[in-house]
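1. Here's a sequence, model it:
(2 chains)
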Amino acid sequence: MHYKANSVIYFKGDLEDRIFILKGGRVSLNSNDIETGQEIHDYIQTGEFFGVKSALGKYPREENAVVLSDADVIMFSVPEFEQLVARNTRIIMKMLRVFSNQLRRMHAKVRSLLAAEEQVDPEEGLFRNGEYYMKKKQYSEALYAFNKYLTYYPAGRYNQEANKYAQTAEDFAQKYGQGKGPTAPGLSGTPAETKKPEAGKQLSNAAKQYYDAVSLFSQQKYQDALKAFKVIVDSGSDEEYVVKALFEIGRCLFSMGHHDQCIKHFTSLIQKYPKMPDLSDALFYIGQAYQEKGDMTRARSFYNKILSMPSVDDGLKRKVNKALRTVEDAL
Amino acid sequence: MDFNNKAFERFAVNFRRGDLIFCEYEPGDSFYLIQEGRVQISKIMGEIEKTIDILHPGEIFGEMAILEEAPRSANASALDPVKALEFNRENFEILMRGNPQIALKLLKLFTKRIYDQRRRFMILTLDDVQAKVADVFLMLNEGQTAVDPESDERTFQTKAEDISHWAGLSAEKAREVLNHFASQRRIEIFPDKITVKNINEFARFVNSRRKQ
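-> Numbering: from 1, shown residues only, chains lettered A, B, ... in the order given. I've put the predicted structure just below:
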């Protein structure tokens, strides 16, 4: 196949299964760096394959293949390519090396972006896996992990514990059998346990109740959501979630069509917490409730009040403006 | 291709049902081709063990160890009595030369893994947490095959913990974003699934947040 300069062999996003070898001329693979968006030019050398990954993996092209100066390429379908390389494993080996390198680089990049809390060094990770299995009374798995730990980290940080656990796992497996028996001694006081509260990942009770209630709301089960939010308010344990729940109660009332109650609720909420974070949204609900009731004048004054506030987010502003137009048309 | 060939017999290894084949974080120097039985790939995340994949005869696992001894990135255990061929770097080249079919299979496996990792990386590079979560749904959507092209609505058998894993966020943060989306009526959260009301709207949203 012959391609003229400035033509494009394939475009980013194309889904097709051709694989190419550059015979002569100049071809560049142009893509954007995922992180920075910067344009990357990869020049194909004569005799080099291109388009292999997306064709074999059956996914869209990730780059534009642009012809810089008149080029000759040899084209293969995937079955043709397979036939070709099956007779020449050196090509596959070379590609495997390249791909394996790319994969490892990608892995490293992904790891570096993941939150630090997710990163565990292999020694610690292996030990924790053993502990996990110990807790689940999966003794043979626990034994496997601890034995590997002791093999690879004979002078490791958790050497003593691993030794002890390995023994216990063996004993318990014999005495009680897989999946049975009491909790192994030491498990509650291990570093794994003491570390947990430090991470502070456990949701407070109020938070959990709150999220469950929001989930009910999202399923449009307003009656149930309302009840659940009221429980949080009544328990009064966590001020942050009490205010959040109070706000959601107003939304439930609005969604259920109880406009008077909604107005009353939000009005008293604003009076009680004039600095609440969702103030502008609360005002918007009051405005909407008035609008639904047909009281356009009051609705308009609430909408205007929101627009006069500093730091209202753009999304809300758009909604308010739209509502305001409707109201003004009606007046 | 006949793997029961005598020439392969010396690579064969057997595992009993329930056996751990390897454990996450353990240094790995071999990879496996399943001949009989199923293999479960899983990861322990906090208090639960999550199944990532279930592999069948003819499939390969542990392939990251081919060129470099790196810690295993997941657990592999036998769901059935498993017979597998175990290869390491020493016998790998010899094997490949004699059996280009395995080499091709590996090549395809790598293209898929690279694509998956690259996709995951794209999610993580987004600065905006809402865009991260939305992009997780786009990724899941790309993996779905039976979708109604007429409809913008998509349902995913997924949970907040899965989303937090893919988006690289804490479980709490992920739940917060999901609830925010729910309160905007952009998604609906059920105990066992999440419905995205308009997947194209999510696509536009994510694109607007990506550096171009």
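2. Find the least confident helix or strand in chain A, judged by mean pLDDT.
-> Ranked by mean pLDDT, DSSP states H and E, the helix or strand of chain A with the weakest confidence is helix A:191-199, at a mean of 39.
3. now the helices for chain A?
-> All helices of chain A, identified by DSSP state H, fall at A:52-57, A:78-86, A:89-113, A:122-135, A:139-152, A:159-175, A:191-199, A:205-218, A:222-235, A:239-255, A:259-272, A:279-293, A:296-308, A:314-330.
4. now the fourth one against helix A:139-152, angle please.
-> Orientation of helix A:122-135 against helix A:139-152 (axes from the mean of the first three to the mean of the last three Cα atoms, to 10 degrees) gives an angle of 160 degrees.
5. helices or strands next to helix A:122-135 in the packing?
-> When contacts are defined as 3 or more Cβ pairs under 8 Å, 6 or more residues apart in numbering or on different chains; DSSP states H and E, helix A:122-135 packs onto helix A:139-152, helix A:159-175, strand B:39-45. To be clear about C-beta, it is placed using only N, CA and C from the backbone, and glycine gets the same treatment.
6. For the residue at minimal distance from the centre of chain B, which non-adjacent residue is spatially closest?
-> Taking Cα atoms, centre = their mean as the criterion, B:Ile52 is the residue nearest the geometric centre of chain B, at 5.7 Å. Leaving aside its chain neighbours, B:Ile52 sits nearest to B:Ile41 (4.8 Å; criterion: Cβ to Cβ, 6 or more residues apart in numbering or on different chains).
7. so how far is B:Ser77 from the one you found?
-> Using Cβ to Cβ, to the nearest Å, one obtains 8 Å as the distance from B:Ile41 to B:Ser77.
8. ok now do the residue nearest the centre of chain A, which residues does it touch?
-> The residue lying closest to the centre of chain A (Cα atoms, centre = their mean) is A:Leu114, at 10.5 Å. Applying Cβ atoms under 8 Å, 6 or more residues apart in numbering or on different chains, we find A:Leu114 in contact with B:Leu124, B:Gly168.
9. Flag the shaky bits of chain B, pLDDT-wise.
-> B:1-7, B:67-69, B:211-212 (pLDDT under 70).
10. one more time with 50, if that's ok
-> B:1 (pLDDT under 50).
11. now chain A
-> Ranges of chain A meeting pLDDT under 50: A:116-117, A:189-201.
12. how is it carved up into domains?
-> By the record's domain assignment, chain A is partitioned as A:2-87, A:122-199, A:205-330 (automatic domain parsing).
13. And chain B, by the same measure?
-> When chain B is cut into domains by automatic domain parsing, you get B:6-120, B:126-209.
14. Kindly reformat the helices of chain A as JSON lines containing mean neighbour count and distance to B:Val147.
-> Output for the helices of chain A, formatted as JSON lines (neighbours: other Cβ atoms under 10 Å in any protein chain shown; distance: least, Cβ to Cβ, whole Å):
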{"stretch": "helix A:52-57", "mean neighbour count": "22", "distance to B:Val147": "20"}
{"stretch": "helix A:78-86", "mean neighbour count": "16", "distance to B:Val147": "25"}
{"stretch": "helix A:89-113", "mean neighbour count": "16", "distance to B:Val147": "27"}
{"stretch": "helix A:122-135", "mean neighbour count": "22", "distance to B:Val147": "37"}
{"stretch": "helix A:139-152", "mean neighbour count": "22", "distance to B:Val147": "38"}
{"stretch": "helix A:159-175", "mean neighbour count": "17", "distance to B:Val147": "47"}
{"stretch": "helix A:191-199", "mean neighbour count": "12", "distance to B:Val147": "38"}
{"stretch": "helix A:205-218", "mean neighbour count": "21", "distance to B:Val147": "22"}
{"stretch": "helix A:222-235", "mean neighbour count": "17", "distance to B:Val147": "30"}
{"stretch": "helix A:239-255", "mean neighbour count": "21", "distance to B:Val147": "30"}
{"stretch": "helix A:259-272", "mean neighbour count": "17", "distance to B:Val147": "38"}
{"stretch": "helix A:279-293", "mean neighbour count": "21", "distance to B:Val147": "34"}
{"stretch": "helix A:296-308", "mean neighbour count": "17", "distance to B:Val147": "39"}
{"stretch": "helix A:314-330", "mean neighbour count": "14", "distance to B:Val147": "28"}
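15. No further questions, thank you.
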